[in-house]
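>>> Have a look at this prediction, sequence included:
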Amino acid sequence: MSVTTKLFVTGATGQLGGHVIDALLETVPASAIVAGVRDPAKDEAIANALRRMGVEVRTADYARPETLTTAFAGVDRLLLISSSENGKRKVQHRNVIDAAKDAGVGLIAYTSILHADTSPLFLAEEHRDTEAALAEAGVPFVLLRNGWYTEVYTWRLPLALKRGVLMGAAGDGRISSAARADYARAAATVLAGGNHAGRIYELAGDASFTLAELAAVVAKASGRPMTYQNLTQEAFRSSVLGAGLPEIVARILSDTDAGVAKGALFDDGGALARLIGRSITPFQATITGFVHNQQTSSGSSSHA
């Protein structure tokens with residue numbers, strides 16, 4: 001790769017974006033990387049840390065098209081990390097695509113969702129719209145259809161550990177998750193070089209698990225009993241609301257579990273491991289590490 005090539009990472013202050021930049025720095029010079037930040041002043045500490053590493057920082061707010069036109073000037077390859085704002089992705093992503101086209105970006109890599117074209121998950125709708133927008137724009141693009149991050153399941157573990165029960169509505173559906181850093185490395189690999197235009201990568205873990213198997217891993221890691229309680233989709237949604245979580249979170253969790261029961265998050269194609277050139281981080285390692293960190297934190301607090 002020429003040192004003059006510019007690789008742009010949107011959402012650079014987010015968890016995935018940060019991992020992508022870390023992975024890129026292993027293979028390309030910092031001067032080749034541009035970090036897109038919604039508000040550098042708000043994320044000043046991260047922005048300054050990036051600058052100290054030699055990474056250029058530019059303002060790039062999906063909701064403010066005027067920032068994108070300037071941000072993408074001179075960019076060769078762009079990673080469009082999906083917005084975290086449910087219900088706003090269609091407009092925001094089209095803003096990015098339009099600006100990238102106007103700037104003459106040579107390739108857009110988009111972090112979509114696993115099997116977006118057939119997924120029953122309601123979250124897939126906005127991803128399908130973005131994929132359509134990319135095709136309509138006529139800009140070379142590659143789809144990184146990411147499966148679930150294993151870290152997503154750690155959100156449900158503190159309450160499950162407290163109750164000794166992991167609740168859900170996934171039945172015996174299998175989940176082929178991978179660590180966030182694995183997906184980030186795949187994005188960095190595509191961004192850094194090679195002919196990926198027109199490719200669709202269905203990215204998922206090497207192995208899969210059910211929520212009952214996840215509960216068993218948690219039990220072993222914590223040394224405390226843990227069972228999986230399967231509920232109907234509506235009953236699980238109600239339980240999430242009863243735990244004090246927002247309606248949108250309850251909808252996402254219950255809809256996702258219902259989709260898992262239909263195979264929405266299962267894939268055994270091995271594309272992620274092939275793309276990054278190594279085995280995927282086992283889900284057991286991520287979950288066990290989280291549980292042990294929780295126990296360490298609790299122990300420190302109780303002896304403070």
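Perfect, thanks for sending it. As the structure is a prediction and not an experimental result, all values here were calculated from the model.

>>> what bits of the chain have low per-residue confidence?
Residues of the chain meeting the criterion pLDDT under 70: 1-4, 298-304.

>>> Can you show me the helices along it?
15-24, 44-52, 65-71, 89-103, 124-137, 157-163, 180-192, 211-222, 233-242, 247-261, 271-276, 283-302 (DSSP state H).

>>> Quick check: which of those is buried the most?
helix 180-192 (a mean of 24; mean count of other CB atoms under 10 Å). All C-beta spots, glycine's among them, are computed from the backbone N, C-alpha and C.

>>> which other residues reach that helix?
For helix 180-192, the surrounding residues in contact (CB atoms under 8 Å, 6 or more residues apart in numbering) are 1, 7, 9, 15-16, 19-20, 22-24, 27-28, 77, 79, 81, 109, 111, 142, 144, 146, 149-151, 196, 201, 203, 205, 272, 275-277, 280-281.

>>> same check, this time on stretch 209-224
So stretch 209-224 is contacted by 153, 157, 160-161, 164, 166, 168, 170, 172-175, 177, 225-228, 230, 257, 260, 283-284, 287-288, 291-292, 295 (CB under 8 Å, 6+ apart).

>>> same deal with stretch 66-81?
In contact with stretch 66-81 (CB under 8 Å, 6+ apart) are residues 5-11, 14, 16-17, 20, 34, 36, 58-62, 93, 95-97, 99-100, 102-103, 105-111, 130, 187, 191.

>>> Let's see the distance spanning it from one end to the other.
Terminal residues of stretch 66-81 are spaced 19 Å apart (CA to CA, to the nearest Å).

>>> quick one on the thing from earlier: can I get the helices of the chain in JSON lines with distance to His115?
JSON lines is the format used below for the helices of the chain (distance: least, CB to CB, whole Å):
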{"stretch": "helix 15-24", "distance to His115": "19"}
{"stretch": "helix 44-52", "distance to His115": "33"}
{"stretch": "helix 65-71", "distance to His115": "29"}
{"stretch": "helix 89-103", "distance to His115": "18"}
{"stretch": "helix 124-137", "distance to His115": "8"}
{"stretch": "helix 157-163", "distance to His115": "26"}
{"stretch": "helix 180-192", "distance to His115": "15"}
{"stretch": "helix 211-222", "distance to His115": "20"}
{"stretch": "helix 233-242", "distance to His115": "20"}
{"stretch": "helix 247-261", "distance to His115": "10"}
{"stretch": "helix 271-276", "distance to His115": "12"}
{"stretch": "helix 283-302", "distance to His115": "19"}
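
>>> Of the ones you listed, which is nearest Thr118?
Closest to Thr118 of the helices of the chain is helix 124-137 (CB to CB; 8.5 Å).

>>> Return the distance of that closest one from the chain's centre.
Centre-to-centre, helix 124-137 and its host chain are 17 Å apart (CA atoms, centre = their mean, to the nearest Å).

>>> Over to stretch 142-157?
6 Å.

>>> now stretch 74-83
Here stretch 74-83 is found 15 Å from its chain centre; the criterion is CA atoms, centre = their mean.

>>> Which positions in it come out as buried?
Going by neighbour count (16 or more other CB atoms under 10 Å), the buried part of stretch 74-83 is Val75, Asp76, Arg77, Leu78, Leu79, Leu80, Ile81, Ser82, Ser83.

>>> Can you name the two of these that sit furthest apart?
Largest pairwise distance in these, by CB to CB, is 22.6 Å, between Asp76 and Ser83.
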